[in-house]
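*Asks:* This is a predicted model, with the sequence first.
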Amino acid sequence: MPITESMSLLWLSYGVLSLVVLLTGYLGLAFLPRLLRLPITWLVAGVMWMPARFRLPLLEEGDFYTGLAPAVVVATVAFLERNAEALMPALTLTLLGAGLGAVFGILLWWLGRRRDGAQVRQEPADDADDRRGAERREPVIG
């Protein structure tokens, strides 16, 4: 496999695995109301999917490898290396992704609430059967 395809395959596998994590997380939070479940799930999605640039020194003096990675990974590596210069932009992007994800989750909840409310219609009570003295009919099995 050529080296040019390895990065795209890495991002593809990361995307598929992150979708599995999000789906299982959403289903795991089924005990919560939708108002909490959607923002939490999309907050995690924002953290996992926000990209950030990184720069790694190579063995040769003065050469660097530059690429894209999830901001939370870049922030974690910068924290472990005690590299404040790389940590602040990556941490800012991670927090921005979390905030955007939470806002998107609240927006989805709000749009879903409006759609559910529009589908529920109050039907007028039909008291005509009660006034005519209709007998109650029991269900029959068989």
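*Replies:* Happy to help now that I have it.
*Asks:* Strands of this structure, start to end?
*Replies:* Secondary structure of the chain (DSSP state E): strands at 51-57, 64-70.
*Asks:* Could you say which one of those strands comes nearest to residue 30?
*Replies:* Nearest to residue 30, of all the strands of the chain, is strand 64-70, at 26.3 Å by Cβ to Cβ. Using the backbone N, CA and C atoms, a C-beta is placed for each residue, glycine as well.
*Asks:* Report the contact partners of the residue most central in space within the chain.
*Replies:* By Cα atoms, centre = their mean, the chain has its centre lying nearest to residue 42, at 2.8 Å. Applying Cβ atoms under 8 Å, 6 or more residues apart in numbering to residue 42 gives the contacts 101-102, 104-105, 108.
*Asks:* Now restrict those to buried residues only.
*Replies:* Among the contacts of residue 42, those classed as buried by neighbour count (16 or more other Cβ atoms under 10 Å) are 101-102, 104-105.
*Asks:* which pair in these spans the largest distance?
*Replies:* Farthest apart among the buried ones among the contacts of residue 42 by Cβ to Cβ are 102 and 104. That separation is 7.3 Å.
*Asks:* Name the residues contacting each of these two.
*Replies:* 42, 46.
*Asks:* Show me the shaky parts of this protein.
*Replies:* For the chain, the stretches flagged by pLDDT under 70 are 1-5, 116-133.
*Asks:* And the helices in it, which stretches?
*Replies:* 3-28, 34-49, 71-80, 84-119, 128-131 (DSSP state H).
*Asks:* Redo those as TSV? Include distance to residue 137.
*Replies:* As requested, these are exported to TSV (distance: least, Cβ to Cβ, whole Å):
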stretch	distance to residue 137
helix 3-28	41
helix 34-49	37
helix 71-80	62
helix 84-119	29
helix 128-131	10
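*Asks:* What is the nearest of the contacts of residue 42 to residue 92?
*Replies:* In terms of Cβ to Cβ, no member of the contacts of residue 42 lies closer to residue 92 than residue 101, at 14.9 Å.
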